[in-house]
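Trainee: pasting the structure only:
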C-alpha cells in the first residue's frame, strides 16, 4: 500500500530502477566481487577471498599486456583513420550536389551490416587460397597474405574502417550541417581562402562534435570482438588477440573467471581515463577565450 501512496513520477521510475539493478548494477557488483576472489568455474566449491591478488598478478602476464597493446593499436589507428576519412567525406557531401543523397545512402550501407557477417565476408574475401582479392592481385603478379603475422592486425583495422567510417561520416556531416553560417560569411567577406576557412573556422566550430564522435567510437572500438571471433581467433599466434578476446578466452575457455573479471575492470579504468581526458579537452576548448 505504501507503493500506491508514492507520487506518480516516482512510481513510473520504479520499473526503470528495477531493470537497471537487474541488468547493470548487479552484474557490475558481482563481477567486482569475483575479481577479488579465486573464482574458477571448475572449482566453485573452493572460492576464496584473495583481495587485489588478481590485479597484481596481471603485471606479470605478458599475454595480457600483448592483448592490451593490440587493442590500443587497433583503437587509435582504426578510430583515427575513420575520423580522417569520415571528416573528408562529410566535407565533400556537405557541398550542394545533384547526387548527394545517392552517395549518402551508398556510403552509409556498411554500417547496417552486423559485424559478425562483415567478419565472415572478409574472412573469405581475403583468404589467400580462395579469396577473390588475393586472386585478382595474383593476376597482376602481387601476392599478399592479408592474415599473415605482419598484416593480420592491420587487416582487422581496415575491416573496421570499412564498416564504421560511415558512422563517423554520419555524425560529422550532421555537425557540419548544424554550424552557423555567419562565421563563414564573414570569412568570405574578409577574403579568406578555403584552407584558411577550414582551419580557422570549420575546425574550431566542429571541435565539440569531433571529440564526442571520437568518444563514442572509441568506446565501441575497445569492444572489438566479432572480427576476431569470425576471422582470426586471436591468431596467428597472439598477433590479433585483443583485450576483449583475451578476457573471453581466459574466462570462458580456461574458466578463470576471477582473472577475467580483473582484466575487465582494468579495461574499464583505461577506457574511463581516455574518455575523461577527451571530455575535459572538449570542455576546455569550449571556454577558451
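Mentor: Perfect, thanks for sending it. The model shown is predicted, which means the values in this text are computed figures rather than measured ones.

Trainee: Show me what counts as buried in stretch 125-135.
Mentor: Burial within stretch 125-135, assessed by neighbour count using 16 or more other C-beta atoms under 10 Å, is assigned to 126-127, 131, 134. C-beta: built from backbone N, CA, C; applies to glycine.

Trainee: got it, and stretch 38-57?
Mentor: By neighbour count on 16+ other C-beta under 10 Å, the buried set for stretch 38-57 is 38-40, 50, 53-55.

Trainee: Of the residues you listed, which pair is most distant in space?
Mentor: Of all pairs drawn from the buried residues of stretch 38-57, the one with the largest separation by C-beta to C-beta is 40 and 55; the distance is 16.8 Å.

Trainee: still on that earlier bit, so of the buried residues of stretch 38-57, which ones are in helices?
Mentor: 53-55 (DSSP state H).

Trainee: Tell me the one among those residues nearest to residue 273.
Mentor: Comparing these against residue 273 with C-beta to C-beta places residue 55 closest, at 15.8 Å.

Trainee: what about that closest one, distance to residue 269?
Mentor: Between residue 55 and residue 269 the distance is 10 Å, computed by C-beta to C-beta, to the nearest Å.

Trainee: For the chain, which residues score under the pLDDT cut-off?
Mentor: 1-4, 282-289 (pLDDT under 70).

Trainee: Name the residue closest to the centre of it, please.
Mentor: By C-alpha atoms, centre = their mean, the mean C-alpha position of the chain lies nearest to residue 221, the distance being 1.5 Å.

Trainee: residue ranges for the strands of the chain, please.
Mentor: 37-38, 48-49 (DSSP state E).

Trainee: Listing partners with orientation, what would you give for the last one?
Mentor: In its sheet, strand 48-49 lies beside strand 37-38 (antiparallel), with partners assigned from DSSP bridges.

Trainee: Of the strands of the chain, give the one that comes closest to residue 190.
Mentor: The closest of these to residue 190 is strand 37-38. By C-beta to C-beta, the value is 65.9 Å.

Trainee: starting at the chain centroid, how far to that closest one?
Mentor: Once both centres are worked out by C-alpha atoms, centre = their mean, to the nearest Å, strand 37-38 turns out to sit 30 Å from its chain's centre.
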